[in-house]
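S.K.: structure of the sequence below:
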Amino acid sequence: VWPRSARTGADGDVLVGGVPLREVAARFGTPVYVLDEQEVRERCRAYRAAFPGADVVYAAKAFLCRAVAHWVREEGLGLDVCSAGELELAVGTGFPPERIVLHGNAKSPEDLRAAVRLGVGRIAVDSASEIARLAALTPAGGRRQVLVRVVPGIAAGAHAKVRTGTDDQKFGLSVTDGSAQEAVAGILEQPHLELVGLHCHLGSQIASVDPYEAAVRRMVALLAAVRDRHGVALPQLDIGGGHAIAHRSGETGLDVGELAVRVRATLQEGCAAHRLPVPRLTLEPGRAIVGPAGVAVYHVLAVKRTGKHTFVAVDGGMSDNPRPALYGVRYAPRLVGRPSSAPPRTVTVVGRHCEAGDVLADRVALPGDVRPGDLLAVPAAGAYHLSMASGYNLVGRPPVVAVSGGTARVLVRRESLDDTIRRDVGL
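M.R.: Presented below is the predicted three-dimensional model:
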């Protein structure tokens, strides 16, 4: 679950990208996010190798900063964004807008205007109202390429709150009630919109290839229905992302090589059966690229024994990682920075915030001599931590430090109290 560059030194510290985590904590303070640049790049290359000829677009919602946008662009990936903010940041780094896909179940007028102004490659339409808005925003003589986000009716994902492929959630247009088919017809009637394909996204932390095969079959059937009804063979199919990673020893992530083989075979077989040309495939990995590359490092503030429980409190918490509180993600913190031969004991690692649910890791084993001042490191922390961080209790968001080849540099600086005060203009 650690970055592949991680090594344990003789002094008990862990090095990532050749940089000791104790050194990172001393130089940049804690909490701090450490991001292994080479791990991100290697994972981009693995997807490119597994899916030659496909469009691999990085899901920016997992974590986006200018450096990450630069890395994925250099590695040949596109970008999937969900807001004007993510879009503007990416284009501001020089990311080619034609390699960007805009998503979102409730795109604001600002989101759509930015997409049209900057010339994004494709927009995934998520509701009927977006069709008219987008058509009205597109300049005369122009055509905007769009996909229809379809609900394929497949339940997949590690938790109910991250399952997006069924009719009982907010994303996409249903095949069952006909809204997806109506959206296809509505777009084809718009002279300023060009329907180039269909899109689906099943959920998050999906460790099995089976749901993706099922989704491809259903999407190919819908492509055939569109062809039969409208005489149009759509040239693209986007099957989204949601690929699982391991957060703890013993867990398994999605096998990207197996995904590639089975999805391609299913797509080719389905298209042959329906006498369709094979569409160009798009997929949207986010967590699977950046998640395993990240490590969160905290200082222990207190160790408290209450009844049968031992609580280890750190200087971060749900403001920098809300995922355990949101949908029960379990992590495996590790003592770093010093050796310990003490027998392990079961503890709960908690944050500093005024919520009983501010728990980072419940019932995990740490050395029995863990004490205030120690460093704890949490692997598999590169995705959906800082991107979902909040300002709860006015605790500033942590910095992001890139490591590579034995050097460390700040990508995103720590949010200071001065930053917060400058935004408060109430007096």
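
S.K.: can you give me the mean pLDDT across the lengthiest helix in the chain?
M.R.: Across the chain, the helix with the greatest residue count (assigned by DSSP state H) is helix 210-230. Across helix 210-230, the average pLDDT comes to 95.

S.K.: what does stretch 371-387 give?
M.R.: According to the model, stretch 371-387 has a mean pLDDT of 97.

S.K.: mind listing what Leu173 touches?
M.R.: Contact partners of Leu173, counting by Cβ atoms under 8 Å, 6 or more residues apart in numbering, are 125-128, 148-151, 179-180, 182-183. (Each C-beta comes from the backbone N, C-alpha and C, glycine too.)

S.K.: among the residues you listed, the buried ones, what's the PyMOL command?
M.R.: What follows is the PyMOL syntax selecting those of the contacts of Leu173 that are buried according to 16 or more other Cβ atoms under 10 Å:
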select buried, resi 125+126+127+148+149+150+151+179+180+183
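
S.K.: closest to Ala225 among the contacts of Leu173?
M.R.: Sorting the contacts of Leu173 by distance to Ala225 puts Ala180 at the head of the list, at 9.8 Å, by Cβ to Cβ.

S.K.: and that closest one, what's its pLDDT?
M.R.: Listed pLDDT for Ala180 reads 93.

S.K.: which residues of the stretch 51-200 of the chain fall in helices?
M.R.: Along the stretch 51-200 of the chain, the stretches classed as helices by DSSP state H, counting those that start in this stretch are 66-74, 84-92, 109-118, 128-137, 179-188.

S.K.: ok, which of those helices comes nearest Cys354?
M.R.: Using Cβ to Cβ as the measure, helix 84-92 is the one of those that comes nearest Cys354, at 28.8 Å.

S.K.: quote the end-to-end distance of stretch 369-389.
M.R.: From the first residue to the last, stretch 369-389 extends over 31 Å; the measure is Cα to Cα, to the nearest Å.

S.K.: can you mark which positions in it are buried?
M.R.: Of the residues in stretch 369-389, those scored as buried under the neighbour-count criterion (16+ other Cβ under 10 Å) are 370, 374-389.

S.K.: picking that back up, now the contacts of Leu173 as JSON lines including distance to Glu75?
M.R.: Listed next are the contacts of Leu173 as JSON lines, based on distance: Cβ to Cβ, whole Å:
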{"residue": "Val125", "distance to Glu75": "28"}
{"residue": "Asp126", "distance to Glu75": "28"}
{"residue": "Ser127", "distance to Glu75": "33"}
{"residue": "Ala128", "distance to Glu75": "37"}
{"residue": "Val148", "distance to Glu75": "29"}
{"residue": "Arg149", "distance to Glu75": "26"}
{"residue": "Val150", "distance to Glu75": "29"}
{"residue": "Val151", "distance to Glu75": "31"}
{"residue": "Ser179", "distance to Glu75": "37"}
{"residue": "Ala180", "distance to Glu75": "33"}
{"residue": "Glu182", "distance to Glu75": "38"}
{"residue": "Ala183", "distance to Glu75": "33"}
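
S.K.: closest one of the contacts of Leu173 to Gly9?
M.R.: Closest approach to Gly9 among the contacts of Leu173 (Cβ to Cβ): Arg149, at 47.6 Å.

S.K.: show me what contacts the residue nearest the centre of the chain?
M.R.: Within the chain, the residue whose C-alpha comes closest to the C-alpha centroid is Ala62; the distance, by Cα atoms, centre = their mean, is 2.6 Å. Counting by Cβ under 8 Å, 6+ apart, Ala62 makes contact with 286-287, 289-291, 382-384, 387.

S.K.: distance of the closest residue to it other than its chain neighbours from Ala296?
M.R.: Setting aside the residues directly before and after it, Ala62 is nearest to Gly286 in space (Cβ to Cβ, 6 or more residues apart in numbering), at 3.3 Å. Here the distance between Gly286 and Ala296 works out to 18 Å (Cβ to Cβ, to the nearest Å).

S.K.: now do Ala128
M.R.: Computed with Cβ to Cβ, the distance linking Ala128 and Ala296 is 41 Å.

S.K.: domain boundaries for this structure, per the record?
M.R.: 7-35+292-422, 37-289 (the TED database).

S.K.: starting at the chain centroid, how far to the first one?
M.R.: Yep, that's domain 7-35+292-422 we're talking about. Counting by Cα atoms, centre = their mean, to the nearest Å, domain 7-35+292-422 is centred 20 Å from the centre of its parent chain.

S.K.: would you work out how far apart the start and end of it are?
M.R.: By Cα to Cα, the extent of domain 7-35+292-422 from end to end equals 41 Å.

S.K.: before we move on, what about stretch 131-150?
M.R.: Stretch 131-150 has its terminal residues 14 Å apart, counting by Cα to Cα.
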